[in-house]
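Enquirer: sharing a model that was predicted from the sequence below.
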Amino acid sequence: MIIYDYKYRAKRLKDGKIVKGITEAPSKAMVDKFLQEQGLKPIEINIKKSFTQAINRITVGKVIKDKDLIFYLKQLSSLLRAGVKLNEASEMLATQQTNKAVRRILYGIYYEVNSGATLADAYKAYPREFPGILVSMVAVGERTGDLKGTLNDIVDYFEGQFRLKSSIQSTMMMPIIYLTVAVAVGVVLMIFVMPQFEDMFGAVEGVTMPPMTRLFIDFGNFMKEYFVFIIASFLLFIILIRVAYKKIYAVQKFFSYIAIKAPIFGDVIMLNNLSRISNTLSQLLNNHVPLQDSLATTYDTVTNKVYKEIVVEAQRNVNNGDYMSRAFSDHYAVEVVFARMVSVGERTGELGRMLKSISEFYNDDSEIKIERLKKGLEPIMLIFIFSLVVVMLLAVMLPSLSMTSQI
């Protein structure tokens, strides 16, 4: 559906003042309704076309962020529970949205629903914004007539995943900040402070510079002389890694393996992926989505290539009439308890309930381990920073002490 920019002129009802503005909508009728809801009486509404407006429509990446999606689903669920019809609720959510890019998408959802399409089909038109698990569960909710209850389950799922993702990101960010500060301090000392000692020692005959200071000065001089080359090489390296990661599956698999085997973060990465797999499967199976379809959706929600391969193996087992749990057994990226509980769930016919228990356990365990990781990283990074500071101080102080002793 095409969303147009409309230029309007309207009279404000409370004081009779004439106001002008620009808004987005799929039709003049929608603009008219929007203005009336804002307490304005439309006088003139015209389509506005310009190159700038066309540029503003270009978006990169996801438009609806995870936090905004959760808020949108909560609002939709609340409106449906209040007895508002789906098409009216979709219109209200689109109209009240202030972000233009998001409003265009929500207007598209409203248009599809109002034209007779299901909400799940409307979401399918925007795969970047609405993940596969959301589409599958909404489709089930619409078929069973319990869309309100399904939306509540979806919100709980997305909130849990969002909390876990945010915790992991904040934990990863801390060492990056420490390392960035440490490197920045070291570079400043080597480029701007250390060279002053070279001039000082050069002015005094028969006095030798300490090896540590000489090392830092030489390294600082090298950085100054080849600064552009170093920066260009670093950027080129990053670009090559990113391109290789996007294009070459073996590179993706290698980084996925390294993430799982990492000495500090590996356990958290493993728990996060196992939690996502169990949580996604449990939500879908408990909402009566067939196992094969549930595995296909789970494949899309997992980003680590090692776990994607496990899910593919599970799909292959199901297609061959075998147990899905065999794909998880004796695998280095899967805990033994997880594999055994999945196996028990399959053999007893309680796979959905068992996966729900696993996901709750892993969510709690992940939060505990992330908190421990934060507390463990702080002293390690502080020791690293303090050690670097001590080395730098020695490199700065030793020349003065050496010169005094030699003179």
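Expert: That came in fine, so what should we check first?
Enquirer: when you work out contacts or count neighbours from here on, use the C-alpha atoms and nothing else.
Expert: Noted.
Enquirer: hang on, isn't residue 359 packed against residue 273?
Expert: No. In this structure, residue 359 is not within contact of residue 273 by C-alpha atoms under 8 Å, at 10.4 Å.
Enquirer: any stretches of the stretch 51-200 of the chain with poor pLDDT?
Expert: Scanning the stretch 51-200 of the chain for pLDDT under 70 picks out the ranges 51-61, 197-200.
Enquirer: which residues in it form helices?
Expert: Here the stretch 51-200 of the chain has its helices, by DSSP state H, counting those that start in this stretch, at 51-56, 66-81, 86-96, 100-114, 119-124, 132-144, 147-188, 194-202.
Enquirer: rewinding a little: more neighbours, residue 359 and residue 273?
Expert: Using other C-alpha atoms under 10 Å as the criterion, residue 359 and residue 273 rank with residue 359 on top: 25 against 22.
Enquirer: ok, the more buried one to residue 128 distance?
Expert: Distance, residue 359 to residue 128, using C-alpha to C-alpha, to the nearest Å: 25 Å.
Enquirer: likewise for residue 336?
Expert: Counting by C-alpha to C-alpha, the gap from residue 336 to residue 128 is 34 Å.
Enquirer: could you do residue 33 as well?
Expert: Counting by C-alpha to C-alpha, the gap from residue 33 to residue 128 is 29 Å.
Enquirer: same question, residue 330
Expert: Distance of residue 330 to residue 128, given as C-alpha to C-alpha: 34 Å.
Enquirer: please apply the same query to residue 104.
Expert: Applying C-alpha to C-alpha, the value for residue 104 to residue 128 is 14 Å.
Enquirer: of those two, give the one with the bigger neighbour count.
Expert: For residue 104 and residue 128, the more surrounded residue by other C-alpha under 10 Å is residue 104, and the numbers stand at 22 against 13.
Enquirer: go ahead and confirm the more buried one touches residue 25.
Expert: Yes. In terms of C-alpha under 8 Å, residue 104 counts as a neighbour of residue 25; the distance is 7.4 Å.
Enquirer: before we move on, back to that, out of the helices of the stretch 51-200 of the chain, flag the one nearest residue 252.
Expert: Closest to residue 252 of the helices of the stretch 51-200 of the chain, according to C-alpha to C-alpha: helix 147-188, at 19.5 Å.
Enquirer: mind checking how far that closest one is from the chain centre?
Expert: How far helix 147-188 lies from its chain's middle: 8 Å, per C-alpha atoms, centre = their mean, to the nearest Å.
Enquirer: what's it packed up against?
Expert: helix 66-81, helix 132-144, helix 266-286, helix 351-406 (3 or more C-alpha pairs under 8 Å, 6 or more residues apart in numbering; DSSP states H and E).
Enquirer: put the alpha carbons of the first one into PDB.
Expert: If I follow you right, that is helix 66-81. Backbone C-alpha positions of helix 66-81 (Å, rounded to 0.1, in the frame of the first residue of the first chain) are rendered in PDB as follows:
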ATOM      1  CA  ASP A  66      12.100  -4.400  19.700                       C
ATOM      2  CA  LYS A  67      10.900  -2.100  22.500                       C
ATOM      3  CA  ASP A  68       8.500  -0.300  20.200                       C
ATOM      4  CA  LEU A  69       7.100  -3.700  18.900                       C
ATOM      5  CA  ILE A  70       6.400  -4.800  22.500                       C
ATOM      6  CA  PHE A  71       4.600  -1.500  23.300                       C
ATOM      7  CA  TYR A  72       2.600  -1.800  20.100                       C
ATOM      8  CA  LEU A  73       1.500  -5.400  20.900                       C
ATOM      9  CA  LYS A  74       0.500  -4.300  24.400                       C
ATOM     10  CA  GLN A  75      -1.600  -1.500  23.000                       C
ATOM     11  CA  LEU A  76      -3.300  -3.800  20.500                       C
ATOM     12  CA  SER A  77      -4.000  -6.400  23.100                       C
ATOM     13  CA  SER A  78      -5.500  -3.800  25.500                       C
ATOM     14  CA  LEU A  79      -7.800  -2.400  22.700                       C
ATOM     15  CA  LEU A  80      -9.000  -5.900  21.700                       C
ATOM     16  CA  ARG A  81      -9.700  -6.700  25.400                       C
END
